[in-house]
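J.: Take a look and give me a structure for this.
(one chain, ligands or ions: 2)
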Amino acid sequence: MLTVYSDDHRLHFGQSELVDGKLQPCFEMPSRADTVLARVRQQEIGEVIEPKDFGLEPILQVHDAAYVEFLKGAWDRWAADGHSCDMLPSTFPARRLRRDGPIPTALHGQLGHYCFDTEAPITAGTWQAVYSSAQVALTAQDHIRQGANTAFALCRPPGHHAGSDFMGGYCFFNNAAIVTQAFLDQGAKRVAILDVDYHHGNGTQELFYERSDVLFASIHGDPLVEYPYYLGHADERGEGEGTGFNHNYPLPHGTGWDGWSAALDDACRKIAAYAPDALVISLGVDTYKDDPISKFKLDSPDYIRMGQRIAALGLPTLFIMEGGYAVEAIGVNAVNVLQGYEGAA
Ligand SMILES: NCCCNCCCCCS
Ligand SMILES: [Zn+2]
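T.: Ligands and ions are numbered 1, 2, ... in the order given. Take a look at the predicted model:
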């Protein structure tokens, strides 16, 4: 299996996130990608290549142009104002404020407009890092377009919490959505996205919620008790054209393989019935029992089974790296999925 990776991820290293009332070091750190890459190499799962540059066009098929423009210029404006620390918002357009009213011209007002939480710090290198992360995903997608059955996009920062015009949850560009749209723009009739990250892929859901050419299925911590809290319930089944093409599997804290795999089986049945031309996996491994910010109980051998179950669908499959914050185990767990998929484990 080909892996696509860029060292540019290192350019994004937020110094702090606001957790439990305190600014703490960011869980989404460069060593996450380094550990996965080391495991990919140690297990010799296949060639590792740098991304090609597909430009901004494929990103603009998914993300709002003004949002992309904001992201691109934010740091320089922040630095010009004399700041050197990470950019973090503190004011958001909550209910009954004008969310779709005039976008503020003030940098801080724009930052809150384009964010949904305080967990996507913009740093000096963030733009380059998120641009390259999207190119990593697009290069892996191109490998499948050219005929390969599968590929692994070792993306960092992750993307599944990012919507058309907002960042949050360590995410800025929605890599899984960008490659899904690329498949469709290249002639695919239907694409399925299976999000196995511990957290609901709110951004991905939002992007395709009213469409029937993308089936979205997400298995995640119940939003009643888990981030992102405000999306991810089972009754969210799509809207309009998209009704019936969105499947959420919210699960309780403490869920282990038995409960988790029952949801996986049902999601796979729905994906098989949908008969997509391609399958995109939002591969987060923060479902792991020792993940510092999550509360499921999957163990490393379970990720092999996860890969085997996904392979049984017999679809061209593109793996996109999302979350996973137990850095010591992220390499084994992510690569276990890939090796399980290839039957090599
Ligand atoms: N106390 C809840 C903190 C949640 N922090 C954001 C998690 C983003 C995960 C991305 S996969
Ligand atoms: Zn997550």
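J.: those helices in the stretch 1-150 of the chain, which residues are they?
T.: 31-42, 57-60, 65-80, 107-113, 126-145 (DSSP state H, counting those that start in this stretch).
J.: Redo those helices as a markdown table? Include mean pLDDT and distance to P157.
T.: (Each C-beta comes from the backbone N, C-alpha and C, glycine too.) Below are these laid out as a markdown table (pLDDT from 0 to 100; distance: least, Cβ to Cβ, whole Å):
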| stretch | mean pLDDT | distance to P157 |
| --- | --- | --- |
| helix 31-42 | 98 | 9 |
| helix 57-60 | 98 | 14 |
| helix 65-80 | 98 | 12 |
| helix 107-113 | 97 | 17 |
| helix 126-145 | 98 | 6 |
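J.: hey, what's L18 bridged with?
T.: Judged by DSSP bridges, the bridge partners of L18 are L23.
J.: re earlier: mind giving me CSV with the helices of the stretch 1-150 of the chain and columns for distance to ligand 1?
T.: Putting the helices of the stretch 1-150 of the chain into CSV (distance: least, Cβ to the nearest ligand atom, whole Å) gives the following:
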stretch, distance to ligand 1
helix 31-42, 11
helix 57-60, 20
helix 65-80, 18
helix 107-113, 17
helix 126-145, 14
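J.: Looking at those helices, spot the one closest to ligand 2.
T.: helix 31-42 (11.5 Å; Cβ to the ion).
J.: Just want the residue of the stretch 151-300 of the chain that's nearest ligand 2.
T.: H199 (3.6 Å).
J.: surely that residue meets D222?
T.: No. Applying Cβ atoms under 8 Å as the test, H199 and D222 come out as separate, 11.0 Å apart.
J.: By proximity to ligand 1, which residue of this protein wins?
T.: Of all residues in the chain, G323 sits closest to ligand 1, with a separation of 2.7 Å (Cβ to the nearest ligand atom).
J.: residues in contact with the lowest-mean-pLDDT helix or strand in the chain?
T.: Between all helices and strands in the chain, the lowest mean by mean pLDDT, DSSP states H and E belongs to strand 17-19, at a mean of 82. By Cβ atoms under 8 Å, 6 or more residues apart in numbering, the residues outside strand 17-19 that reach it are 23-27, 88, 118-119, 121.
J.: what's the answer for stretch 333-343, then?
T.: Contact with stretch 333-343 is made by 1, 36, 39-40, 43, 45, 150, 152, 281, 283, 285, 288, 298, 300-301, 303-308, 310-311, 317, 319, 321, 324, 326, 345, as judged by Cβ under 8 Å, 6+ apart.
J.: Neighbours of G314, how many?
T.: Per other Cβ atoms under 10 Å, the neighbour tally for G314 reads 10.
J.: Against ligand 2, how distant is it?
T.: 27 Å (Cβ to the ion, to the nearest Å).
J.: my guess is that residue is in a strand, correct?
T.: No. Counting by DSSP: H, G, I helix; E, B strand; the rest coil, G314 is not found in a strand; it is coil.
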